[in-house]
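Chemist: Coordinates only, no sequence provided:
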Ligand SMILES: Nc1ncnc2c1ncn2[C@@H]1O[C@H](COP(=O)(O)OP(=O)(O)OP(=O)(O)O)[C@@H](O)[C@H]1O
């Protein structure tokens, strides 16, 4: 038996082999060691081989847990039962289940898409990334290249969070930096493919075959696109692994970086959009607050929207106006929410229909959902926005599908196809007859004999039964002259004769095998019905899309109602004006009314004088990080089409949001805190544009004060002068509060200090903060008094060393008078020579006019000579 196991395992080295032994699936060797650890099972031994097992009937629960841990499972069944002393049973792998191809409900998370991704790098370095959710039919892909590819790849992985990915075998050798991005995704199954699997020509043909098209032109793909190779492998893998029919996958959406507001991976994490930083769950995230959906489809779409905020003003306004309509129609909203809660997962049900895996309960669920869908459509009157109303032709198709299902399937339809109890009475005359036979076999025979009595006029014609010849018709001697030709003589008796007829033979056979016939016919009818539903996937997909959209929109409207959010206004001018803004998540977890609202106005328009850059100082615990994040979240929420937690907001849609907050190690990637910080900063400086929103918290904190301060300052200048993006920059470096530039405004978070106590008011005001109150926060945290006293002494010492630096405290705010050049700094930290050198290094000589060059020279000379 072990030899058989090893032979089968040899072909499935990348999977956990579930080896059927009687009522158990057993695992051996490395599989057993790993699975016993993952599933907390007892590890035993069989002839010295490590082994663990799970009962066959409970296997699905264990499989679901292994899939979540990113494992592939090969199910090896016992095909024969050998007699005593007849050797071992024949066994074969009958199913392979993988995290990205699983379609059974038990293996999936309801509100989360289940993605299988594929990544490929062409010989000329173009990266192609595609992904599919086979449970819904969504299939999309993109290409990218250049130095930012690793960052982009991380971003795509973070956004999609595939359960499984296909990559070239040589990725680690050719592009180690790209391969590193994979290392961060701990529970993602990675399948490596040899290079020849990415042949473009055959890939092109395979995709055309899958989409049932002659070319891929309509998807914007040519035979030379590396995306074709990546996407075709997805299809091949699905065919091989799941053996899945993919008629619900009818094409691929090719998207670009600029189609949506771009959010890189660390920004997504720092803003805690769908996962929190603490335990990776969705508690305390934006998604949790926004998610007021009533259906799994709506919840998945909401997630997808959060990952793809809009950038086009008219698209944002359109979505926002639909939310506004629902928000203003509270009674309609309540009814809509009620009806939505009766809609099941049409999207996944339809996919199961198309993959020929839907069972009876699935189709009944589909019927209920279509009924609810039709009711939902009725609640929108003719004055509702056009996109809420449904075209008559579509309504008709949905009605037809619903009618088909409701007139054919039993309400308590069975899950198994082999047990009958699927089809309603009245759907098939043949089935009704069989059922009548089963339920009332004597009555059926009586009805038949009565029929023959009428036809022949033999009044004493009887049906009888004996075990030898079965059913027969008995005719007395006196009536033999009336026997019709279709009566077949079986036996002569003294007082009469026994006959049979074709119909009687048929009835008898039917009676004998009636149960088997019923289940067989029910199965056949069920498959016909399922095929008819499957032939109208377009209608189902339309219904699914409509419901998910409606649900996501009503979720925004309901959240706005619950949390008193307001409708944002939009502009093209470059302005961002947030008044009375709140953090949507922090606010909910503080006692009601205790969150202090804060606003800010920034403008990135070239012709404007208003600040584009807010430099925010403030003590620890003052609320800086909260304010920075809330500004980013309000912007993002507005671009989702949602209402926002603020008194009022006017926003110019931004193209990218960057949020670099705090310092965190990435030891898994072997990078230090400071290296991570600088890598992220470099990415921002390379990719931010004038239309971006940049949030930076504590840049430079991870290194020495001098280096950190210098970096923080030069990053500030670069963002301000070379990029011009709207920026919120929080810093502990109070020295930066002396920076004066025309479009840089200083803000701080207010603190009330009296008689040795400090109260953080959490209120943003113009100007810079005088103190970091670090020692006060240390006291709050319970640092011993002795340490605190010593720290106070060292602060004093430092103040004596640098009297001028410490004397420079609060500076006036945005009312900046000197509009042209930076003013000078405290001597110890920014010596004039260094400032001049920095300025010189940041000048682009090619774009300098001779006059400008002379002006610079003149300025430097003056500064150095102190005039
Ligand atoms: N506007 C606000 N209203 C009420 N409470 C707030 C507000 N902003 C922040 N808080 C609360 O104050 C605490 C500190 O906030 P936050 O972390 O933003 O401060 P910080 O200035 O960034 O501190 P540090 O510099 O030490 O990181 C948080 O627990 C938060 O819940």
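Modeler: Good, I have the coordinates. Note that this is a predicted model, so its numbers are computed, not measured.
Chemist: Can you report how many residues neighbour residue 103?
Modeler: 17 (other C-beta atoms under 10 Å). C-beta here means a position set from N, CA and C on the backbone, and glycine is covered the same way.
Chemist: Repeat that for the one 5 residues further on.
Modeler: A total of 21 residues lie near residue 108 under the criterion other C-beta under 10 Å.
Chemist: need the contact list for the nearest residue in space to it that is not next to it in sequence.
Modeler: Leaving aside its chain neighbours, residue 108 sits nearest to residue 114 (5.4 Å; criterion: C-beta to C-beta, 6 or more residues apart in numbering). Going by C-beta atoms under 8 Å, 6 or more residues apart in numbering, residue 114 touches 99-100, 102, 108, 133-135, 163.
Chemist: now, which of those residues sits nearest residue 194?
Modeler: residue 100 (19.5 Å; C-beta to C-beta).
Chemist: hang on, the earlier thing: what confidence value was assigned to the residue nearest to residue 108?
Modeler: pLDDT, residue 114: 93.
Chemist: Can you classify it by secondary structure?
Modeler: coil (DSSP: H, G, I helix; E, B strand; the rest coil).
Chemist: I'd like the distance between it and the ligand.
Modeler: From residue 114 across to the ligand, the span is 35 Å (C-beta to the nearest ligand atom, to the nearest Å).
Chemist: Which single residue in the stretch 101-250 of the chain comes nearest to the ligand?
Modeler: residue 158 (23.4 Å; C-beta to the nearest ligand atom).
Chemist: residues in contact with that residue?
Modeler: 265, 268-269.
Chemist: The contacts of residue 114 in strands, which ones?
Modeler: Among the contacts of residue 114, the members falling in strands (DSSP state E) are residue 133.
Chemist: which of the contacts of residue 114 tops the neighbour count?
Modeler: That'd be residue 100 among these, by other C-beta under 10 Å, with 29 neighbours.
Chemist: Okay, that one and residue 144: tell me how far apart.
Modeler: 22 Å (C-beta to C-beta, to the nearest Å).
Chemist: and this protein, which residues reach the ligand?
Modeler: 586, 590, 594-596, 598, 618, 620-626, 762 (C-beta under 6 Å from any ligand atom).
Chemist: Make a PyMOL selection of whichever of the residues you listed turn out to be buried.
Modeler: Those of these that count as buried under 16 or more other C-beta atoms under 10 Å are selected in PyMOL with:
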select buried, resi 586+595+596+598+618+620+621+622+623+624+625+626+762
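Chemist: Which of the residues of the chain next to the ligand fall in helices?
Modeler: Among those, the ones falling in helices (DSSP state H) are 624-626.
Chemist: Out of the residues you listed, flag the one nearest to residue 11.
Modeler: residue 625 (53.3 Å).
Chemist: quick one: contacts for residue 380?
Modeler: 332, 388-389.
Chemist: redo that, cut-off 6 Å
Modeler: Going by C-beta atoms under 6 Å, 6 or more residues apart in numbering, residue 380 touches 388-389.
Chemist: Helix or strand: which one has it?
Modeler: Following DSSP states H and E, there is no helix or strand that holds residue 380.
Chemist: Let me know how buried the closest residue to residue 254 other than its chain neighbours is, in neighbour terms.
Modeler: Once flanking residues are discounted, residue 254 sits nearest to residue 220: 5.0 Å by C-beta to C-beta, 6+ apart. Residues within reach of residue 220, counting by other C-beta under 10 Å, total 12.
Chemist: For the stretch 451-600 of the chain, which residue gets nearest to the ligand?
Modeler: For the stretch 451-600 of the chain, C-beta to the nearest ligand atom, closest residue to the ligand: residue 596, 3.8 Å.
Chemist: And for the stretch 651-800 of the chain?
Modeler: Closest point on the stretch 651-800 of the chain to the ligand, by C-beta to the nearest ligand atom, is residue 762, at 3.6 Å.
Chemist: wait, that residue sits on residue 625?
Modeler: No - when contacts are counted by C-beta atoms under 6 Å, residue 762 is not listed as touching residue 625 (11.6 Å).
Chemist: of the residues of the chain next to the ligand, the lowest pLDDT goes to which?
Modeler: residue 620 (73).
Chemist: Ends of stretch 722-732, what's the gap?
Modeler: With C-alpha to C-alpha, to the nearest Å as the measure, the ends of stretch 722-732 fall 24 Å from one another.
Chemist: For residue 475, give the beta-bridge partners.
Modeler: residue 497 (DSSP bridges).
Chemist: scratch that, residue 75 is what I was asking about
Modeler: Beta-bridge partners, per DSSP bridges, of residue 75: residue 18, residue 95.
Chemist: How about the contacts made by it?
Modeler: 18, 94-95.
Chemist: Name the nearest of those relative to residue 497.
Modeler: For the contacts of residue 75, the minimum distance to residue 497 (C-beta to C-beta) is 56.0 Å, reached by residue 94.
Chemist: Now that closest one: closest residue in space that isn't a chain neighbour?
Modeler: Per C-beta to C-beta, 6+ apart, closest to residue 94 is residue 77, 4.9 Å.
Chemist: where in the stretch 201-350 of the chain is pLDDT low?
Modeler: 242-245 (pLDDT under 70).
Chemist: Would you confirm that residue 72 contacts residue 15?
Modeler: Yes - Residue 72 lies in contact with residue 15 (C-beta under 6 Å); the separation is 4.2 Å.
Chemist: in stretch 276-288, what's buried?
Modeler: Result for stretch 276-288 [16+ other C-beta under 10 Å]: buried residues 276, 282, 284-288.
Chemist: May I have the distance across it, first residue to last?
Modeler: 10 Å.
Chemist: Then stretch 715-725?
Modeler: Span of stretch 715-725 from end to end, C-alpha to C-alpha: 12 Å.
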